[in-house]
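Q: sequence and computational prediction follow.
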Amino acid sequence: DREEPNYFGAGPAQLPTNVLQKAALDLINYNDLGLGIGEISHRSKDATEVINNSKEHLRKLLAVPETHEVFFMQGGGTTGFSSLATNLMTAYVGATGTTAPGGYLVTGSWSEKAEQEAARLRLSTEIIFDSRKFDANGKYGSIPDESQWCENIKGKKYSYVYLCENETVHGVEWPTLPKCLEDRDDIEIVADLSSDILSRKVDISKYGVIMAGAQKNIGLAGLTLYIIKKSILENISNAEANDALLAQLNVPVTPIAFDYPIVVKNNSAYNTIPIFTLHIMDLVFQNLLKHGGVEQQEKENDEKAKILYTALDACPDFYNMPVDPKCRSKMNVVFTLKKEGLDDLFLKEAAALKLTGLKGHRSVGGFRASIYNAVSVQSVDKLAKFATKFAKEHS
Ligand code: PMP
């Protein structure tokens with residue numbers, strides 16, 4: 001057992017204590033098998049049930065339509081964006097017989113890395129915009145208006161368009177999908193939801209692919225979940241049946257364990273899936289379903305974000321809020337102190353109140369409070385009160 005933590009780390013992140021307690025028991029003896037869930041074959045009846053239940057529970061939570069498939073793969077967010085690039089380029093060849101660049105909307109370091117990775121794999125990419133170019137200080141912290149970039153992509157072909165819905169490092173979150181992409185029937189939107197999956201309602205039918213690493217809102221590191229349009233899977237398989245064309249077009253072959261149609265055909269167990277990790281994910285899904293689903297979670301997350309941003313905004317001479325209020329993340333609240341030399345004291349006094357995990361990413365500095373699903377309203381309230389008091393005492 002443990003005291004309820006107030007942990008604001010960016011990931012791996014705090015998970016619900018009741019989920020971990022159940023998982024701990026199942027790690028030792030699952031369903032009275034006399035063996036733990038991590039010790040049985042990934043093809044056994046019990047493991048298959050975990051896979052099928054996780055899929056079903058996720059489908060329910062996000063109202064995944066019949067047009068889309070759910071699967072799980074080893075790796076994290078990085079495996080997600082690497083594998084997206086090759087799979088989606090292959091799908092485009094399957095659909096059109098030719099290639100087109102992958103388009104990237106760069107709003108922070110994770111979308112930046114995703115574009116760099118696709119280019120490293122020698123795939124053709126195009127940065128549709130880099131939000132730093134629209135910022136007075138040349139920094140990440142805003143998303144340009146559609147009027148500033150949509151015109152540029154009119155009539156252009158892309159094998160897919162990539163965006164990161166929540167930039168974990170910079171605290172920038174897309175409030176909604178861009179309308180000018182949604183309106184394009186010929187563009188597959190692929191999105192990284194690693195740090196905001198299940199934090200709010202999304203309309204799955206608008207996405208070609210969603211991927212999310214597990215270690216923030218949904219479980220332990222080691223697994224990534226995918227939701228993919230079935231027609232994309234067919235297009236990949238069709239292209240893979242014509243290897244000569246893929247070779248001629250210089251499209252890299254996807255490593256077999258990350259080849260989406262192969263993983264899906266094998267019900268996410270083409271190779272050994274970490275079933276304990278998936279079981280935890282499923283326990284998180286079940287816990288969420290029991291507590292009102294994504295709708296209730298979204299309400300709570302809205303409340304948490306409001307409490308914290310309101311407290312920080314109330315001390316404008318003390319706290320610097322670098323993100324445009326229009327795209328402030330409801331998961332990662334980024335702030336710095338205007339006065340120098342107080343950062344260590346802030347962390348020390350917070351830690352004395354058992355408020356931990358607040359140090360900002362090394363590339364940004366300052367502080368970052370990650371208020372993922374499992375972080376309670378009470379924890380956020382405690383942090384907000386501390387921030388108010390700290391500002392008063394040191395202004
Ligand atoms: N995308 C996002 C939005 C992330 O926050 C992270 C990790 N913090 C990644 C991708 C990379 O994930 P991983 O470390 O699991 O590869």
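A: That came through, no problem.

Q: quick one: secondary structure of Tyr372?
A: Using DSSP: H, G, I helix; E, B strand; the rest coil, the structure places Tyr372 in coil.

Q: what residues does the stretch 101-250 of the chain put near the ligand?
A: Within the stretch 101-250 of the chain, the positions near the ligand by CB under 6 Å from any ligand atom are 110, 164, 168, 192, 194-195, 213. No exception for glycine: its C-beta is placed from N, CA and C like everyone else's.

Q: now with 8 Å, please.
A: Taking CB under 8 Å from any ligand atom as the criterion, the stretch 101-250 of the chain approaches the ligand at residues 110, 113-114, 164, 166-169, 192-195, 213, 215-216, 221, 224.

Q: burial check on the residue of the stretch 151-300 of the chain found nearest the ligand, number of neighbours?
A: Residue of the stretch 151-300 of the chain nearest the ligand, by CB to the nearest ligand atom: Thr168 (3.3 Å). Neighbour count of Thr168, defined by other CB atoms under 10 Å: 27.

Q: which residues does the nearest residue to it once chain neighbours are set aside contact?
A: Nearest residue to Thr168 in three dimensions, chain neighbours excluded: Ser195, at 4.2 Å (CB to CB, 6 or more residues apart in numbering). By CB atoms under 8 Å, 6 or more residues apart in numbering, the contact set of Ser195 is 10-11, 166, 168, 216-217, 331-332, 370, 372.

Q: so which bits of stretch 154-163 are buried?
A: 158-163 (16 or more other CB atoms under 10 Å).

Q: sec struct for the spatially most central residue of the chain, please.
A: The centroid of the chain falls nearest to Ser194 when counting by CA atoms, centre = their mean (1.3 Å). Under three-state DSSP, Ser194 falls in the coil class.

Q: mind listing what it touches?
A: Here Ser194 is in contact with 11, 76-77, 80, 110, 164, 166, 168, 211-213, 216, 224 (CB under 8 Å, 6+ apart).

Q: same thing but 7 Å
A: 77, 212-213, 216 (CB atoms under 7 Å, 6 or more residues apart in numbering).

Q: next one: Asp302
A: Asp302 neighbours (CB under 7 Å, 6+ apart): Lys330.

Q: which element is it on?
A: helix 293-313 (DSSP states H and E).

Q: CA-only coordinates of that helix in PDB, if you can.
A: The C-alpha trace of helix 293-313 is given here as PDB (Å, rounded to 0.1, in the frame of the first residue of the first chain):
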ATOM      1  CA  GLY A 293     -15.500   7.000 -18.800                       C
ATOM      2  CA  VAL A 294     -13.700   9.700 -20.800                       C
ATOM      3  CA  GLU A 295     -16.500  12.200 -20.400                       C
ATOM      4  CA  GLN A 296     -16.100  12.300 -16.600                       C
ATOM      5  CA  GLN A 297     -12.300  12.300 -16.900                       C
ATOM      6  CA  GLU A 298     -12.400  15.200 -19.300                       C
ATOM      7  CA  LYS A 299     -14.600  17.200 -16.800                       C
ATOM      8  CA  GLU A 300     -12.100  16.500 -14.100                       C
ATOM      9  CA  ASN A 301      -9.100  17.400 -16.300                       C
ATOM     10  CA  ASP A 302     -10.800  20.700 -17.200                       C
ATOM     11  CA  GLU A 303     -11.200  21.400 -13.600                       C
ATOM     12  CA  LYS A 304      -7.600  20.600 -12.700                       C
ATOM     13  CA  ALA A 305      -6.200  22.700 -15.500                       C
ATOM     14  CA  LYS A 306      -8.500  25.600 -14.500                       C
ATOM     15  CA  ILE A 307      -7.400  25.500 -10.900                       C
ATOM     16  CA  LEU A 308      -3.700  25.500 -11.700                       C
ATOM     17  CA  TYR A 309      -3.700  28.000 -14.600                       C
ATOM     18  CA  THR A 310      -5.900  30.400 -12.600                       C
ATOM     19  CA  ALA A 311      -3.500  30.300  -9.600                       C
ATOM     20  CA  LEU A 312      -0.400  30.900 -11.800                       C
ATOM     21  CA  ASP A 313      -2.100  33.600 -13.900                       C
END
